[in-house]
Each structure stands twice: as C-alpha cells, then as structure tokens.
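In: Please find the sequence and the predicted model below.
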Amino acid sequence: MVFPDSDEENYDRKTELKAFDETKVGVKGLVDAGVATLPRIFIHPPEKNSDKNTTTTQFDIPVIDLIGLIEEDPVKDKGIINKILDASKKWGFFQVVNHGIPTEILDEMLNGVRRFHEQETEAKKLYYSRDFTRKMIYNSNFDLFSSPAASWRDSFNCILAPDPPLPEELPSVCREIVMEYSKRVMSLGITLFNLLSEALGLNRNHLTDIDCAQTLALLGHYYPSCPQPELTLGAVKHSDYVFLTILLQDNLGGLQVLHQNQWVDIPPKQGALVVNIGDLLQLISNDILKSVEHRVLASRLGPRISVACFFGKDTLGGSTRVYRPIEELLAEDNPPKYRGVTMNEYTSYVRAKGVHGSSLQSLKL
C-alpha cells in the first residue's frame, strides 16, 4: 500500500486522504499490510496528545442497577430515577446492569462486528461508501475529509429506525444479530427515555412523545492494534450529536470521559452497557442534563470492538420537528439557552464540521 510523499515540502494532505479512502480497506488494511509507521493523516497535533497521561483514578463512573424495573418495585424505581438524574447532571455518563439484554446477545453482537470487519476484503468493499442516506455502509472515519486528523478506526453504520433495512440489505455475517440486538436496544432506549422524562419532572412518555426514540443508528467500530498509539487516537475528544447513546464495549478498554477537567477511564464491565447524554438532550433539557466530551485511546493491543447505538441521528431528513428547550422546564429566571434545530440540521452541521469537540455552542442564544 503506497501513499504520496509526506515530507514537509511535498506533503499534500488531500491527496493522501483520497489515496487512503480509495483503497476501501480502512485502517485494518494498513495493519494487514504491515504498516509500522503511521501515515501522516493519522498523526494528531502534539497538543491533542499531550494529556494522554493525565488520566485520574480518583473518580468512578456511576453504575446503575436496573433490576428494580424488572421487579416492578416502585421504591427501587424511584431510586433508579434519582440515580439516573444525578449521573446525567454530574457526569453525562453512566453504566447500566441488569438491563434485560442477555449476555449471550451482547457477546454475539460484538462477534458480529468482528466478523464483518475481518471478512474477505472484497466482500467488505461492497459496503464501502460515504453516502449516508444508504441503510448500511462501511468506511474509515465518517468525517475523514473534514476532521483535522484521522482516527485509528473503521466502522460500519446501519440505519435501523424509523425505516429498518430489508434483511438482504444487511451483510450476512452479522444480519441476524444486528436485527435482534437493535430490537433489544430500542426497547431499552425507550425505557431510559421514560426514566429521564420522570427524572426531569415530566410526564413519563414526554421524551418518546416528542420522538426522541424515533431514529436509531447502529455503528460497529473496529479499532485495530496501532504501531504508534502515542501519535494518534481511536476517537478524538467529542460529544455525541444525538439525544442518547447506548454503547457496548469489549474487554480491552480505552474509552475515557472528561470529568472535572480530568480524563476518567470507563472500565469494561461484563454485561454492562454504557449510556451517555447527547447534545440534543442537553439542549431540550436547557442544560439540566449534560452532554460530556469523551474519547478513545489508540493501543498496541487490539482489535478493540464496540457497538454504539445512537438515538437522534437523522441523515435522511425524515423528521421536520424543531427541538428547543422544553417549555415546562423554563422559568423567568431560567430562560431558553438554545435556539431550535431539527435533527437533520444538527446532524448535517456536525458532519460538515467534523466530530471533534462539542458542536452545541453553535446553537447558544
């Protein structure tokens, strides 16, 4: 695999990006080819990497047990709501256990992502695209051409709601588990939106009634082992431009959240799912709930595999609803802090800008 000359005098980043993209083999293709030195497009500025060793161990991300929901215990139910509100205000992140999705389904979902990325290259290339209106695509870095530096990661992106793909539109290596897992995650997502509605003092169905769970996208991330992890990242510091994210991660770790200006590891926990508040939920809650920046470190270990399910990513423009701070949460001394925006408008803005950092400030009044 040959890339253009990247010395200072002759370096043409756009040409190198195009050359990489046209291979359609992603980061995994670089690793399979035995690359020992990172192509320059993946090297992040020193200031982006200077704080990698500042991780703190003095904080532990909240872990919330949802068993009370299964038992339909009103006392435990209230306790869960209070814990979710506290975690969503202070951290923007929490892990859930006893969430109702069996461990064997979680494991098979991770295996399905691995099978997709490790299948024959020619079969995988059939899905390689940057047309985000397609129900199922695969590429490396959706913002490859707009981000300051590429991340050490390949992904597939599957749009599952409101209009699910036909079974034959999904790759056979992961078709059944994607369909099964998405049904389970949609159910869990609705439950979490109901709990968040109550936590905000709203009617239990408020967030689902305004279509926060209308759209669902599943991303299967594959982070190959990296020969020079100190020079790059698996995912840059960013916040999620959606309402809510439910993340399944394998046992390798690397996910970190920015808490009180310090990076905190989110350690893998068997059977747990990571939940985080997205920008749009911070917007409609008028800053009660927090969308927090996070990142994924690159590592010599790998591949790391994760599955991110996003509620509120609209690439098709199917919803015309304008989202603004919820009226019931406003007061004379708490006026709206953001202008209204549609899901598609915000999704399109972030895609054009690149996913680095937070985009929510662009909507501040």
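Out: Yep, that arrived.

In: I figured residue 142 was touching residue 130, is that so?
Out: Yes - contact criterion C-beta atoms under 8 Å: residue 142 and residue 130 qualify, at 7.5 Å. Using the backbone N, CA and C atoms, a C-beta is placed for each residue, glycine as well.

In: Kindly tell me how buried residue 304 is, as a neighbour count.
Out: By the other C-beta atoms under 10 Å criterion, the neighbourhood of residue 304 contains 26 residues.

In: Any chance you could list what contacts stretch 159-176?
Out: Residues from elsewhere that reach stretch 159-176, judged by C-beta atoms under 8 Å, 6 or more residues apart in numbering: 112-113, 115-116, 119, 123, 127, 134-136, 156, 158, 178-179, 182, 186, 213-218, 220, 315-316, 318.

In: again, 6 Å this time
Out: 112, 115-116, 119, 135-136, 178, 182, 214-218 (C-beta atoms under 6 Å, 6 or more residues apart in numbering).

In: cool, and stretch 327-345?
Out: So stretch 327-345 is contacted by 283, 286-287, 312, 314, 317, 319, 322-325, 363, 365 (C-beta under 6 Å, 6+ apart).

In: Among these, which are located in strands?
Out: Of the positions in the contacts of stretch 327-345, not one sits in strands, assigned by DSSP state E.

In: hmm, back to that, so which of the contacts of stretch 159-176 is the closest to residue 241?
Out: Nearest to residue 241 among those, counting by C-beta to C-beta, is residue 217 at 11.3 Å.

In: What is the one helix or strand that closest one maps to packed up against?
Out: Assessed by DSSP states H and E, residue 217 sits inside strand 216-223. Applying 3 or more C-beta pairs under 6 Å, 6 or more residues apart in numbering; DSSP states H and E, one finds that strand 216-223 contacts strand 154-161, strand 304-311.

In: Format those as a markdown table; extra columns: distance to residue 357.
Out: Shown next, in a markdown table, are the helices and strands packed on strand 216-223 (distance: least, C-beta to C-beta, whole Å):
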| stretch | distance to residue 357 |
| --- | --- |
| strand 154-161 | 19 |
| strand 304-311 | 18 |
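
In: need those in JSON lines with distance to residue 66 and mean pLDDT, can you?
Out: Formatted as JSON lines, the helices and strands packed on strand 216-223 follow (distance: least, C-beta to C-beta, whole Å; pLDDT from 0 to 100):
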{"stretch": "strand 154-161", "distance to residue 66": "22", "mean pLDDT": "97"}
{"stretch": "strand 304-311", "distance to residue 66": "16", "mean pLDDT": "98"}
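
In: hmm, back to that, give the partner strands of the strand holding residue 217 in its sheet and their orientations.
Out: Applying DSSP bridges, strand 216-223 is found paired with strand 154-161 (antiparallel), strand 304-311 (antiparallel).

In: So for residue 88, which of these sits nearest?
Out: Closest to residue 88 of these, according to C-beta to C-beta: strand 304-311, at 14.3 Å.

In: helix or strand right after the closest one?
Out: Per DSSP H and E, the first helix or strand lying C-terminal to strand 304-311 is helix 343-353.

In: Select the longest helix from this protein.
Out: Longest helix of the chain, by residue count under DSSP state H: helix 175-199.

In: Show me what counts as buried in that one.
Out: Buried residues in helix 175-199, counting neighbours by 16 or more other C-beta atoms under 10 Å, are found at 175, 177-178, 181-182, 184-186, 188-199.

In: Stretch 229-247 now?
Out: 229, 231-247.

In: Between residue 142 and residue 130, tell me which one has more neighbours.
Out: Between residue 142 and residue 130, counted using other C-beta under 10 Å, residue 142 has the larger neighbour count: 20 against 14.

In: For the more buried one, give me the pLDDT.
Out: Among the per-residue scores, residue 142 shows a pLDDT of 93.

In: which SS class is it?
Out: Using DSSP: H, G, I helix; E, B strand; the rest coil, the structure places residue 142 in coil.

In: Would you mind measuring from it to residue 240?
Out: Residue 142 is 13 Å from residue 240, where distance means C-beta to C-beta, to the nearest Å.

In: on that earlier part again, mind checking which of the buried residues of stretch 229-247 land in strands?
Out: 233-238, 244-247.

In: before we move on, the earlier item: what comes up buried for the next helix or strand after the longest helix of the chain?
Out: Following helix 175-199 in sequence order, the next helix or strand is helix 206-209 (DSSP H and E). Buried residues in helix 206-209, counting neighbours by 16+ other C-beta under 10 Å, are found at 206-208.

In: Likewise for stretch 162-172?
Out: Buried, per 16+ other C-beta under 10 Å, within stretch 162-172: 164-165, 170-171.

In: Show me which of the residues you listed is closest to residue 20.
Out: Closest approach between the buried residues of stretch 162-172 and residue 20, by C-beta to C-beta: residue 171, at 22.4 Å.

In: for the stretch 51-200 of the chain, what spans make up the helices?
Out: Ranges of helices in the stretch 51-200 of the chain, per DSSP state H, counting those that start in this stretch, are 67-71, 74-90, 103-118, 121-125, 175-199.

In: what is the orientation angle of the longest one with strand 304-311?
Out: If I follow you right, that is helix 175-199. 50 degrees (axes from the mean of the first three to the mean of the last three C-alpha atoms, to 10 degrees).

In: about what we covered before: mind telling me which of the helices of the stretch 51-200 of the chain the model trusts least?
Out: Going by mean pLDDT, the lowest-scoring of the helices of the stretch 51-200 of the chain is helix 67-71, which has a mean of 76.
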